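> Fold the following.
(2 chains)
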Amino acid sequence: MKKWQAVLGVSVTCAMLMNGCSNKAATSNSSKSADGAVSIKLMHRYQTSNIGKSPEDTAVLDGVERFKKDHPEVEIVEEQLQNEDYSIKAQALAAADDMPDVFIVPGSWMTNFVANGIVLPLNEELDKRPEWRDGYRPGTLDAGTRDGSVYGIPIAAGPTHLIYYNADLFADIGYDHFPKDWNEVMDAGSKLAAKGINLFSYGDKGKGYALSSWISALTDRYNGPAWTESILAGNGAAFTDAGFIQAISTMSDLSKAGYLNKDMNSVDGDTMVSYYFEGRSAAFVSGIWSAMNVVNNAPDNVKNATKLAVFPAAPGGKGNPLASSGGAGVYYSINAKIKPGPKLDAIMTLLEYMTGSQSAKLMAEVGGFPAFDPGQFDSAKLHPIALAAYEASAAADATKIFDLWFDASIVEVINTEIQSVMSGARTPEQMAEAVQQAYKTFLSKR
Amino acid sequence: MGKALRPTRWLTLLYLLPGLAVYSFVVLVPILSAFRYSFYSWTGGPRRSFIGLDNYVEIMRDHVFWHSFLNNGLMTVYGLIGQVGLAFLFALFLLSRAVRFKALHRTISFFPSTLAPIIIAFLWTLIYNYNYGLLNEGLKLLGLERLAQSWLDLSGPIVLLVSIPLSWQNIGFYTLLMLAGLSAINKEVLEVAELDGATGFRKAWYVIIPLAKPTLMVASLLCIANNMRGFEHIYAMTGGGPGNASSVMALYAYDTSFLRFRYGYGSALAIAIMALTLLIILLSAFALQRKRSTDGGVS
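This is a model prediction of the structure:
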């Protein structure tokens, strides 16, 4: 009996010690290093090895290097993580209330981070730098703003919905353009199917592709932006409204007719694009980020034939037929514990280096679409596909990307249900019912 | 051990301390923390609010969780047949005189157990692949082209399909366990059985199985525990899809915490998984034990 008590005592002591350690680590948040110089802890998911390959990584890291050169008195402790690793580590640090000074917040996390007081409102600091603040494209600050306060500085923007299509394959079936309405889409689909080619390749294994590249844009075609606003405000719009069901039905019709690859729910975005490269499909729907993938990796005949389009107008739809879901998706935020002073000044300057005018120019020149408007830049070196994607992005009337705006509990249900619908196990109506149920639960807890 | 050599009670405790410290840090503290967090509404930041048993009440009504639980149950059944059952047959074959190159068979059957689950999942994703997969290629070779499928997109038999790689990976381990158990059976008993005319199936059914029951029971309990906490294979192969068709409890708890930012509810799910697993193991241990005593078997 006594032995048991001792063992129990020891383990409880250990547990308390461990807890003590973690709490201590969480509360130590030195704003200055020993010699009084400013030190900034920066955690992000851009990598030196991606310089030259990815426009975002190239531009952001170039900004960090320029800052280091111009401000040698500031020490930057930088941690570069892979995408997945970043998400896990950032969430663990947030839960332990131990975030670094500057970190990346995907738009879909923003509501949660604001509610938990993890991120600092930046309005006052931005007001001190009006030229930088006003340089952002319209709408790009939105998903980082809550109740009028800006909590995040956007990095890249652009549509999550563009259609990359192989004009040669469409010419073979008598189309000298991408189908102009949904009847033409289905007609092209059947003609391509007769040749053993899928109209679209589609890859939603990661759950999320359908929502950002298809559902956000299609629902807007049918319902118009007022519906989205009403859903977000809880003003009476419902997922069981006809437009949402029509959008899902449009997708499910393509799947039922066999115009998509059969393995649509078990392959990811990379495989989807490679099916297009291999000529198994005549088109794929994706964001602007796929432009450089086509430029760098597509076989020449596919690359030269690739053109860009957006979904045709929806019959009787209320939305702008040229709109594309888009905006900025990822933001730089600052730890809420940082007080105004030299450190915060240095951090804001660093952010301006990483995302502002110079960095934006560089990002545009290497094929990206920065959130900050780069103005005139040298587009001569850009491949026509990258330039077309850039121009389509600049011209598009960006509508909200649902996964950045809807609550995570609703997003998760849509992501899961759409797989069931596409695989034929559920109907669009059943899906709408389930999403509406999740929406009601969310509203009741608000 | 002689009394002089026996360490004092305090010294024993001191020897145990490093192991205990590590154990409590990696096992006890997380479980206790999860238990505590399961009473909170917590979205993963510094702010938490106490909501009592609400999370557990929600679990009772959460049909996705119970669907995942059923999937775990199905996987366990497939596991008991595909892992323990087949391993037992393999072990019988490996012990029989008719089989040659026993060491080679043993090594090959154990090989998949040495691979990481993520590699197994990747390998089988390739096997099931619609365009390049081994399975569809094989069907084409056999002239059964119309049976070719995008296997992991089938909602119906998806749990069976993801259970096959699990069995493929674990069968070697259970075969070794069975071999150890079977080789402990007294050779004379087997010889006597053969003299009495029991061969092949009859020998296995009337002599070997009753004598190997303790091994079979341990293997079954291990298999149940493994399948109740299954995660990696499903996560990598289907992510629980299509829809929720192949979702399992651990994957659901992971998604709830890390994708839906409901850490409190996720913790409650983790505790529920632990409780359900313990319950099932206790029940099956009880059932197996009782059966043994009514059989009048030897322990």
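> Not counting sequence-adjacent ones, nearest residue to residue 277?
Just going to use chain A. A:Ala298 (5.2 Å; CB to CB, 6 or more residues apart in numbering or on different chains). For the C-beta atoms, the positions are set from N, CA and C on the backbone; glycine is no exception.
> To clarify, I was referring to chain B.
Per CB to CB, 6+ apart, closest to B:Thr277 is B:Met228, 4.2 Å.
> Tell me how many other residues crowd A:His177.
Residues lying near A:His177 (other CB atoms under 10 Å in any protein chain shown) number 12.
> give the contact list for it.
A:Phe170 (CB atoms under 8 Å, 6 or more residues apart in numbering or on different chains).
> Surely it is in a helix?
No: counting by DSSP: H, G, I helix; E, B strand; the rest coil, A:His177 falls outside a helix, being coil.
> count of residues packed around B:Leu142?
Applying other CB under 10 Å, I find that B:Leu142 has 9 neighbouring residues.
> Phi and psi next, for it.
Backbone torsions for B:Leu142, taken as degrees, to the nearest 10, come to phi -80, psi 0.
> How about A:Phe269: what's its closest non-neighbour residue?
Phe isn't right for residue A:269; it's Gly. In space, A:Gly269 is closest to A:Gly203, 5.1 Å off (CB to CB, 6+ apart).
> Oops, could you answer that again for A:Asp142 instead?
A:Gly327 (6.5 Å).
> Using PDB, write out the CA atom coordinates for the helix or strand bottoming out on mean pLDDT in chain B.
Sorting the helices and strands of chain B by mean pLDDT, DSSP states H and E puts helix B:200-203 at the bottom, at a mean of 79. The C-alpha trace of helix B:200-203 is given here as PDB (Å, rounded to 0.1, in the frame of the first residue of the first chain):
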ATOM      1  CA  GLY B 200      -4.500 -32.500 -40.800                       C
ATOM      2  CA  PHE B 201      -7.700 -30.600 -40.100                       C
ATOM      3  CA  ARG B 202      -8.800 -32.900 -37.200                       C
ATOM      4  CA  LYS B 203      -5.400 -32.600 -35.500                       C
END
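> so what secondary structure elements neighbour that helix?
Where contact means 3 or more CB pairs under 8 Å, 6 or more residues apart in numbering or on different chains; DSSP states H and E, helix B:200-203 is packed against helix B:187-195.
> which outside residues touch the helix it packs on?
Contacts of helix B:187-195 (CB under 8 Å, 6+ apart): B:203, B:206-208, B:211.
> So which bits of the stretch 1-150 of chain B are right by chain A?
Residues of the stretch 1-150 of chain B lying near chain A by CB under 8 Å from any CB of the partner chain: B:9, B:13, B:16-17, B:20-21, B:23-25, B:28-29, B:32, B:43-47, B:125, B:128-131, B:149-150.
> Mind doing that once more with 10 Å?
Neighbours of chain A within the stretch 1-150 of chain B, by CB under 10 Å from any CB of the partner chain: B:9-10, B:12-14, B:16-17, B:20-29, B:32-33, B:37, B:41-48, B:58, B:64, B:125, B:128-131, B:133, B:148-150.
> sorry, back to before: pull the residues that contact the least confident helix or strand of chain B.
Here helix B:200-203 makes contact (CB atoms under 10 Å, 6 or more residues apart in numbering or on different chains) with B:92, B:96, B:190, B:193-194, B:196-197, B:209.
> Up against chain B, what does the stretch 251-400 of chain A have?
So far as CB under 10 Å from any CB goes, the stretch 251-400 of chain A lies against chain B at A:261-268, A:271, A:275, A:278, A:280, A:336.
> Where does chain B get nearest to chain A, residue-wise?
Closest approach between chain B and chain A, counting by CB to the nearest CB: B:Gly45, at 2.3 Å.
> So that residue versus A:Asn116, what's the distance?
2 Å (CB to CB, to the nearest Å).
> shared neighbours of the two, anything?
Joint contacts of B:Gly45 and A:Asn116 (CB under 10 Å, 6+ apart) are A:94-95, A:97, A:336, B:261.
> Right, I'll leave it there.
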